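**Student:** heads up, no residue letters with this:
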């Protein structure tokens with residue numbers, strides 16, 4: 001695995017890989033098995049795989065955890081070296097440098113709901129850096145996880161709106177044995193918080209079963225779905241969760257909840 005620290009080294013690598021297909025896996029580091037599953041997906045479609053590690057300052061608000069976001073490059077490198085990864089793009093762009101590149105606005109109808117209500121400008125920052133990395137790397141494929149489902153929809157829309165020549169591939173959520181969706185922020189959970197977090201998956205499972213029955217019936221299903229959502233909102237709150245949202249979009253139940261200050265997201269089809 002070659003580590004590319006700057007644009008000059010990336011340009012040299014492009015001359016090496018441009019003759020064959022390349023799949024790109026963008027990450028912010030703090031890698032776990034969920035990220036590794038994206039790399040497996042990338043290897044299934046392309047001759048070469050490039051992974052990026054970059055904690056993007058553009059997608060963090062002023063009161064968010066940019067400086068505290070988990071970083072462990074030594075562990076990340078060890079994990080990547082045990083996978084088939086041809087290149088690691090590990091740049092160190094500053095926020096001021098990134099503000100000088102082409103700024104891309106996320107599709108408002110997709111970005112102003114769910115996480116976008118609580119993280120103003122977040123998805124513009126995501127779209128801007130992903131588009132920039134697409135321009136730099138010129139991948140044939142890019143792999144994104146379904147855990148960040150809203151982000152996935154926004155990237156798909158951006159690729160379509162800008163007519164970018166890259167195919168977006170979605171990889172399913174990877175879960176811990178308890179059902180908790182794998183996330184870099186899980187390291188913030190203490191033992192009691194982790195036990196509480198397991199309720200997210202259990203409740204989403206139950207909701208999915210209940211909503212699926214309603215969809216099969218088809219009568220007043222929107223009202224019935226909303227009643228289910230409202231009842232589970234109350235259940236989460238009574239269990240000590242702080243809910244940002246619990247909603248139904250794109251035939252999925254999506255949730256963002258805080259446990260002892262740790263914000264987790266998850267989703268499940270229904």
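**Tutor:** In hand now; what should we look at? From a predicted model like this one, the values you see are computed outputs, not experimental measurements.
**Student:** okay, buried residues for the biggest helix by length in the chain please.
**Tutor:** Longest helix in the chain, counting residues (DSSP state H): helix 191-217. Neighbour counts using 16 or more other Cβ atoms under 10 Å place 193-194, 196-197, 199-201, 203-204, 207, 210-211, 214 of helix 191-217 among the buried residues. For glycine as for every other residue, the C-beta is placed from the backbone atoms N, C-alpha and C.
**Student:** where exactly do the strands run in this protein?
**Tutor:** 2-4, 22-27, 48-53, 87-89, 141-145, 167-171, 242-249, 252-259, 262-269 (DSSP state E).
**Student:** in a markdown table, list those along with mean neighbour count, mean pLDDT and distance to residue 109.
**Tutor:** Compiled in a markdown table, those are given as follows (neighbours: other Cβ atoms under 10 Å; pLDDT from 0 to 100; distance: least, Cβ to Cβ, whole Å):
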| stretch | mean neighbour count | mean pLDDT | distance to residue 109 |
| --- | --- | --- | --- |
| strand 2-4 | 15 | 98 | 36 |
| strand 22-27 | 25 | 98 | 23 |
| strand 48-53 | 25 | 98 | 28 |
| strand 87-89 | 23 | 98 | 31 |
| strand 141-145 | 23 | 98 | 19 |
| strand 167-171 | 17 | 98 | 18 |
| strand 242-249 | 17 | 98 | 11 |
| strand 252-259 | 21 | 97 | 15 |
| strand 262-269 | 20 | 97 | 18 |
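**Student:** who wins for proximity to residue 181 among those strands?
**Tutor:** strand 262-269 (4.6 Å; Cβ to Cβ).
**Student:** remind me what the closest one packs against, helices and strands.
**Tutor:** Judged by 3 or more Cβ pairs under 8 Å, 6 or more residues apart in numbering; DSSP states H and E, the packing partners of strand 262-269 are helix 191-217, strand 252-259.
**Student:** between those, which one is closest to residue 144.
**Tutor:** Set against residue 144 and scored by Cβ to Cβ, those come closest in strand 252-259, at 15.0 Å.
**Student:** need the residues that contact that closest one.
**Tutor:** The list of residues contacting strand 252-259 from outside it, by Cβ atoms under 8 Å, 6 or more residues apart in numbering, reads 114-115, 118, 149-150, 189, 193, 196-197, 200, 204, 207-208, 211, 229, 236, 240-248, 263-270.
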